[in-house]
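Q: 3D model of this:
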Amino acid sequence: MTLVVAECDPVTGMQSEHAAILRITEHPTAVVELAAELKLPVSITKILLSDLLAAGRVSARHPRKAVSDPDVLEQVLVGLRNL
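A: Just a heads-up that it's a prediction; the model follows:
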């Protein structure tokens, strides 16, 4: 899964799809979520994103690694049981 984040605001004259992507990705957004929001196939969304990425208008990254330390997970489980 890849997360996309806008690096700037939409500008006048920009393609409507590109402007929509920049508005939606104000906060980190998964590519598949973005495609669903735009009501476009993921393949088309990736093409639009590649245009924005090449122009430096968005950045893409993998989400941070999940916590896999058993001690931390055990503490979370205990905390949830105490709720």
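Q: Nearest the middle, which residue of this structure would you pick?
A: Central residue of the chain (C-alpha atoms, centre = their mean): Thr29, 2.1 Å from the mean position.
Q: helix, strand or coil for the nearest residue to that one once chain neighbours are set aside?
A: Of all residues not flanking Thr29 in the chain, Val4 sits nearest, at 5.6 Å (C-beta to C-beta, 6 or more residues apart in numbering). The way it works is simple: take the backbone N, C-alpha and C, and place the C-beta from them, glycine included. Per DSSP: H, G, I helix; E, B strand; the rest coil, the local secondary structure of Val4 is strand.
Q: I'd like to check which residues are in contact with the residue nearest to the centre of the chain.
A: Contact partners of Thr29, counting by C-beta atoms under 8 Å, 6 or more residues apart in numbering, are Leu3, Val4, Val5, Glu37.
Q: Out of those residues, grab the one that's most surrounded.
A: Within those, most neighbours by other C-beta atoms under 10 Å means Val4, with 22 neighbours.
Q: just to revisit the earlier point, among the contacts of Thr29, pick out the one closest to Pro70, please.
A: Leu3 (26.5 Å; C-beta to C-beta).
Q: who touches that closest one in this structure?
A: With C-beta under 8 Å, 6+ apart, Leu3 has these contacts: Pro28, Thr29, Ala30, Ala60, Arg61, His62, Pro63.
Q: Identify the bridge partners of it.
A: Residues in a beta bridge with Leu3, per DSSP bridges, are Ala30, Arg61.
Q: per-residue pLDDT, it?
A: Leu3 is assigned 92 on the pLDDT scale.
Q: same check, this time on Arg64
A: 72.
Q: for Glu26, same thing?
A: Confidence score, pLDDT, at Glu26: 95.
Q: Can you list the buried residues in the lowest-mean-pLDDT helix or strand in the chain?
A: Across the helices and strands of the chain, mean confidence by mean pLDDT, DSSP states H and E is lowest for helix 70-81: a mean of 85. Across helix 70-81, burial judged by 16 or more other C-beta atoms under 10 Å covers no residue at all.
Q: ok, of the contacts of Leu3, which one's closest to Leu22?
A: Taking C-beta to C-beta as the measure, Leu22 lies nearest Thr29 of these, at 10.8 Å.
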